[in-house]
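[1] when you get a sec, could you give me coordinates for this:
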Amino acid sequence: MTDDAYERLAQRNAELEAEKTVLAEELEHTQGERDGAIKRAQVAEDERDALAAHVERLHSFIEHAPAGTGVCMCGSPMAEHPHDNHSPCDEWDHYGAILLSDSPTTSLARRDALKRAEALEWAVRHIKDGMAREFLASNLADIECEADMSRRRAEESPHG
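    Numbers count the residues shown, from 1 in each chain. Reported below is the predicted structural model:
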């Protein structure tokens with residue numbers, strides 16, 4: 001090969017290296033945009049799930065809340081202190097206000113804890129019914145304890 005051919009190959013190689021650098025930078029930028037879009041989509045999904053759980057709680061409350069049962073403004077039944085200086089209110093108003101003041105994230109955490117408790121309780125029932133393998137039976141006490149703790153956390157959550 002002649003010096004001229006080497007020179008043209010070196011020049012072309014330099015051009016390709018420069019193009020490779022540009023493409024690598026574009027790839028890095030595109031991957032960063034993709035990662036950001038994935039994170040934004042996950043945040044949106046988390047917010048959607050939290051809002052859905054909150055709406056479920058509100059619907060459940062609306063369907064099952066007793067009206068005019070005489071709950072005190074402090075949240076306890078009026079029967080516990082009928083002659084004190086406590087003010088009765090409609091239970092709808094009291095618990096409705098609590099639910100509306102809760103964040104969707106609180107409702108989501110409560111829903112997830114209840115689902116976890118239900119799944120663990122299901123496992124306990126099936127293990128007790130002899131439908132699971134022996135190695136699961138050895139973990140029955142742990143599963144039952146976890147189910148109890150999950151249910152307690154869900155039921156004891158503020159404004160449950």
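
[2] what average pLDDT does the top helix by length along the chain get?
    For the chain, the longest helix by residue count, based on DSSP state H, is helix 3-64. Helix 3-64 carries an average pLDDT of 87.

[3] domains of this structure?
    Domains of the chain are assigned by automatic domain parsing as 57-101, 108-160.

[4] among the ones you listed, which gets the worst mean confidence?
    domain 57-101 - the lowest mean pLDDT of those, at a mean of 66.

[5] endpoints of it, how far apart?
    Domain 57-101 stretches 12 Å from its first residue to its last (CA to CA, to the nearest Å).

[6] ok, the closest residue to Arg116 other than its chain neighbours to Thr106 distance?
    Distances taken as CB to CB, 6 or more residues apart in numbering put Ser150 closest to Arg116, at 4.6 Å, once the chain neighbours are dropped. (Glycine included, C-beta is placed from N, CA and C.) Noted for Ser150: a distance of 16 Å to Thr106, by CB to CB, to the nearest Å.

[7] Lys115 and His54, how far apart?
    15 Å.
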